[in-house]
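**Student:** kindly generate the corresponding structure for this input.
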Amino acid sequence: MRGGSVAVVGGSIAGCAFASAAVRAGAREVVVLERTRGRLADRGVGLCVHDDRAAELVAAGALPPGIPAHRLERRRWVVRDGSAGAGGRLIWEQPFPFHSYHWGLLWRGLREAVPGAVDYRQGVAVGAVEGDGDGVRLRFGDGGGAGERFDLVVGADGYRSVVREAVSPGAAPHYAGYVCWRGNFDAALLEGLEGAQSYPEAVTTVCFPGGSCVIYRIPGPQGLRVNWVLYAAPPQGAGLRFDDPTSFPPGALGEELAGHLRALLEREFPEYWGRALALTAPADTFVQPIYDLVTEPAAAGRLLLAGDAASVVRPHNTSGAAKALQDATAFGAAWAGAGSWEELVGRYQAARGGAGRELVALARRLGRAQVEETPAWGRMSAGEVAGWWEAQLAGAAGIGGQAMSS
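**Tutor:** Below is the predicted model of the structure:
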């Protein structure tokens, strides 16, 4: 099947990957519609991709080579223990074969790999999506006006997906009951801290009653940075809205949320790690309520959902970027084997519908275990922690996403 017009709503990681896949598949016209006008590359949060998933994605052409990444090898689980020193007490260590990325640098690599034939438009908000059986009309802004018509539309527009509503009316992410504080800072600042090692090749997970925090290095535009994500329930009356996915952007936490973070670091963290996270500037700290959602189906008519638009997975899986790129890979494979738009959509649904469901289920188990119903970490042996971890996986191969063949 060659030719046809494809619109990709959303121009971030999933959107860039789908646009490239559509051109490789043979689309005559590919348009990317990104609602923000600013530099997406300025987003500074970190993410990780499992080494096996990365190898598959590079081989498939979905992950361009040469994007800066930092190698990680192991994950250390620590608890606060005054008798164990400033770095806390190590309760378990496990292999962690991942590479970490800076979101903005990963996006930039994907954006630069998008073929020049793609019409990438910024500052274009899609207000309405109307399928008529033989195509899809997108209306912009408030949903009025004539808009534009396409043979196929991909919803890669994230948590607040407009395209999702057309595929599965009423489907919306649900608040998980807790939030994450996120931040990052120049790794060179750790050289001024004394009392522990920071283990550049490791992810450190600080465990405490009612939450946990993962800390690891990522490449940054000016060198290595330390990225961290702290999961816990927010303070009562913090003014967070949970009816719609939202976040408090960098520099806009407010004193109540910032004070709650300081209290957690002082009360629950090993001294070294509490002082390390306190190095984060307010402008690099934000809070994000945790949501999840499985959209059933992930495709219908001439519409496909990708990345967070298709399934919102709690971050504990460390699978978000890999899943988005896998979605694009499956899209290209579905196109190659299809003789019609309807067959393409059906093949994509068959390939990716179950993947989101399984990832959401695993992330819910991990969220309960690491935040909502935390064990008595400090009283567990290394063997008990390993057994607890395997129980949360419940037969899953591990975190980081699934192999494309599964």
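**Student:** find the centremost residue of the chain, please.
**Tutor:** What sits nearest the mean C-alpha location of the chain, by CA atoms, centre = their mean, is Gly320, with 3.7 Å.
**Student:** wait, a helix at Gly387?
**Tutor:** Yes: per DSSP: H, G, I helix; E, B strand; the rest coil, Gly387 lies within a helix segment.
**Student:** in stretch 153-162, what counts as buried?
**Tutor:** Across stretch 153-162, burial judged by 16 or more other CB atoms under 10 Å covers Val153, Val154, Gly155, Ala156, Asp157, Gly158, Tyr159, Ser161, Val162. (Glycine included, C-beta is placed from N, CA and C.)
**Student:** give me the nearest residue to the last one, chain neighbours excluded.
**Tutor:** Which is Val162. Leaving aside its sequence neighbours, Val162 sits nearest to Val126 (CB to CB, 6 or more residues apart in numbering; 5.1 Å).
**Student:** what's the most distant pair in the buried residues of stretch 153-162?
**Tutor:** The span of the buried residues of stretch 153-162, defined through CB to CB, is set by Val153 and Tyr159 at 18.1 Å.
**Student:** can you pull the contacts of the residue nearest to the centre of the chain?
**Tutor:** Leu47, Gly307, Asp308, Val313 (CB atoms under 8 Å, 6 or more residues apart in numbering).
**Student:** mind putting the buried residues of stretch 153-162 into TSV with distance to Gly26 and secondary structure?
**Tutor:** Putting those into TSV (distance: CB to CB, whole Å; DSSP: H, G, I helix; E, B strand; the rest coil) gives the following:
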residue	distance to Gly26	secondary structure
Val153	17	strand
Val154	15	strand
Gly155	21	strand
Ala156	19	coil
Asp157	24	coil
Gly158	27	coil
Tyr159	31	coil
Ser161	26	coil
Val162	27	helix
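**Student:** just the residues you listed: which has the poorest pLDDT?
**Tutor:** Among the buried residues of stretch 153-162, Tyr159 carries the lowest pLDDT, at 86.
**Student:** so that residue touches Ala310, yeah?
**Tutor:** No: judged on CB atoms under 8 Å, Tyr159 makes no contact with Ala310 at a distance of 11.2 Å.
**Student:** where's Arg267, which helix or strand?
**Tutor:** Arg267 belongs to helix 255-268 when assigned by DSSP states H and E.
**Student:** flag the shaky bits of the stretch 1-150 of the chain, pLDDT-wise.
**Tutor:** For the stretch 1-150 of the chain, the stretches with pLDDT under 70 are 41-44.
**Student:** strands of the stretch 301-406 of the chain, start to end?
**Tutor:** With DSSP state E, counting those that start in this stretch as the criterion, the stretch 301-406 of the chain has strands at 303-305, 311-312.
**Student:** ranking those strands by mean pLDDT, which is last?
**Tutor:** strand 311-312 (a mean of 93).
**Student:** where in the stretch 251-400 of the chain is pLDDT low?
**Tutor:** Applying pLDDT under 70 to the stretch 251-400 of the chain picks out residues 251-252.
**Student:** so which of the strands of the stretch 301-406 of the chain gets nearest Pro95?
**Tutor:** strand 311-312 (26.6 Å).
**Student:** the closest one: partners in the sheet, and parallel or antiparallel?
**Tutor:** The strands beside strand 311-312 in its sheet (DSSP bridges) come out as strand 285-294 (antiparallel).
**Student:** adjacent strands (with direction) for the next helix or strand after the strand it pairs with?
**Tutor:** For strand 285-294, the following helix or strand on the C-terminal side (DSSP H and E) is strand 299-300. Sheet pairing of strand 299-300 (DSSP bridges) gives strand 303-305 (antiparallel).
**Student:** what's the strand it pairs with in contact with?
**Tutor:** 129, 131, 136, 152-155, 161, 163-164, 166-167, 295, 298-299, 331, 345, 348.
**Student:** would you mind checking these for buried ones?
**Tutor:** Using 16+ other CB under 10 Å, the buried members of the contacts of strand 303-305 are 129, 136, 152-155, 161, 163-164, 166-167, 295, 298-299, 331, 345, 348.
**Student:** mind listing what the closest residue to Gly353 other than its chain neighbours touches?
**Tutor:** Excluding the flanking residues, the one nearest Gly353 by CB to CB, 6+ apart is Ala298, at 5.0 Å. The contact partners of Ala298, taken as CB under 8 Å, 6+ apart, are Val167, Leu304, Leu305, Ala310, Ser311, Tyr348, Gln349, Arg352, Gly353, Gly356.
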